[in-house]
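**Q** I'll drop the sequence and a predicted model, then ask my questions.
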Amino acid sequence: MKKNNVLLLVLVFILICAAGCGTRTKEDTDIPSENVTTAEGASKEEQPESVVSSPEYTMTFAYTHNEGTFGSDMCVKMAELIEEKSEGRIKVELYPAGQLGDIVANLEGLRTGTVDICQCAATNISSWNNRWSVFSLPFMFSNYQEAQAAFQDEAVRGLLDNDLQEIGMKLLGVEDAGARSVINKIRPINEPGDCSGITIRCLQDVYIAKGFELCGFNPVAMGWTEVYSAIQQGTVDGADNSAVYLYDAQFQDLCKYVSLTEMVRQPGCIMMSHNAYSNLPEDLQAAIDEAGAEWEVWQWQAYEEYEAEALENLKAAGCEVNTITEENHQKFVDITAPLYDEFFKEVPDAEELYDAMMAAVGR
């Protein structure tokens, strides 16, 4: 009998344990939120509501700037803002240093669907709409403030947006790219006569090349990723760009003379595939628009600070930096002035865009 009682007690104990291991109600299973941790080890309360486990969209961002340069940093900043404003629903994959081709190839990728976002100079768009060569006109803006007023003007942006939509692109942000000056290994440039016999790389735009020819240079159009080796090999004697990009490209290793000709002050742009943008839900389109607007404010301030630093870095690297006197500056203005009449005769619809920019600066 005693043995049977022991067996009965064991059976009861097993049944109680089995019941305890069965399905419990929600009230039974809920654990206070401060004790719930994620895979990253942060408590549920500490996790922002916006964090998603995996992105809904992945976008390819291609550009030609090398990693660690200001040009690359500003592209990284745009990617970060897009991911932040989309609350992690968009992931941006970066392809720097021309990994997916030069700028023109990247822009074509926006149209064919192989690239979602890229960075370029405004005149690169002239391959699809020639009125964008208006940004190639010499000495159009006197200073940074005029350029900013023109590039961020609502009427100007409306014209640019319409042009881009027609060719399958969308403007995410306009960047300050500074005034383009000349670096070369032959001599300082003080007046047009100094330009003779110097072969200069120029942007792939016919009117940029014509402006250089009027000054006396021998211009050679080529992609940015090719320029360093072209100077190294003697294909060209130098290039033009703002101090920021001349320094970041390490041209100071090859060239001694930096002349602040400041002939062209055109914006850079970050572009997106219009098709990729249109296929996003409206809330993510709004997130990208917000990212672009915030990026512009950041970029214009950051560029101004870095430009002064880059000029000092060029000097510290052994470059001779010379400014152009007011008298000699006027010689450059006068010798390139005929390009305006030629351009507007060949591209009459560019006057609308030019007039909008001049109205924005009060001319």
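**A** Looks like it arrived, so ask away. Everything numeric here is computed off the predicted structure, so don't read it as measured data.
**Q** isn't G173 right up against V297?
**A** No. The criterion here is C-beta atoms under 8 Å, and G173 misses it with V297 at 9.6 Å. No exception for glycine: its C-beta is placed from N, CA and C like everyone else's.
**Q** which one's more surrounded, those two?
**A** Regarding G173 and V297, a neighbour count based on other C-beta atoms under 10 Å identifies G173 as having more, with 26 against 11.
**Q** wait, what's in contact with the more buried one?
**A** With contact set as C-beta atoms under 8 Å, 6 or more residues apart in numbering, G173 has these partners: 78, 269-270, 292-293, 295-296, 299.
**Q** state the distance from it to E326.
**A** Distance of G173 to E326, computed by C-beta to C-beta, to the nearest Å: 34 Å.
**Q** where's the residue lying closest to I288 once chain neighbours are set aside, which helix or strand?
**A** The spatial neighbour of I288 that comes closest, neighbours along the chain excluded (C-beta to C-beta, 6 or more residues apart in numbering), is I82 at 5.9 Å. Applying DSSP states H and E as the criterion places I82 in helix 70-85.
**Q** elements contacting the helix or strand containing V258?
**A** Assessed by DSSP H and E, V258 sits inside strand 257-264. The helices and strands touching strand 257-264, judged by 3 or more C-beta pairs under 8 Å, 6 or more residues apart in numbering; DSSP states H and E, are strand 180-184, helix 206-215, strand 238-241, strand 320-323, helix 326-336.
**Q** just the element for E67, please.
**A** E67 belongs to no helix or strand, assigned by DSSP H and E.
**Q** what's the burial count for it?
**A** There are 12 residues near E67, going by other C-beta under 10 Å.
**Q** now it: how far from E312?
**A** For E67 relative to E312 (C-beta to C-beta), the value is 23 Å.
**Q** can you check P192 too?
**A** 28 Å.
**Q** same question, R157
**A** Computed with C-beta to C-beta, the distance linking R157 and E312 is 33 Å.
**Q** give me every residue that touches L171.
**A** 157, 160-161, 164, 269-272, 292 are the contacts of L171 under C-beta under 8 Å, 6+ apart.
**Q** from those, which ones fall inside strands?
**A** Using DSSP state E, the members of those that fall in strands are 269-272.
**Q** turn the residues you listed into CSV, columns for pLDDT, distance to V258 and neighbour count.
**A** Listed next are the ones in strands among the contacts of L171 as CSV, based on pLDDT from 0 to 100; distance: C-beta to C-beta, whole Å; neighbours: other C-beta atoms under 10 Å:
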residue, pLDDT, distance to V258, neighbour count
C269, 97, 25, 25
I270, 98, 27, 25
M271, 98, 30, 23
M272, 98, 34, 25
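**Q** could I get these as TSV with distance to A179?
**A** Shown next, in TSV, are the ones in strands among the contacts of L171 (distance: C-beta to C-beta, whole Å):
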residue	distance to A179
C269	17
I270	20
M271	22
M272	27
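**Q** greatest separation within those: which pair is it?
**A** C269 and M272 (10.2 Å; C-beta to C-beta).
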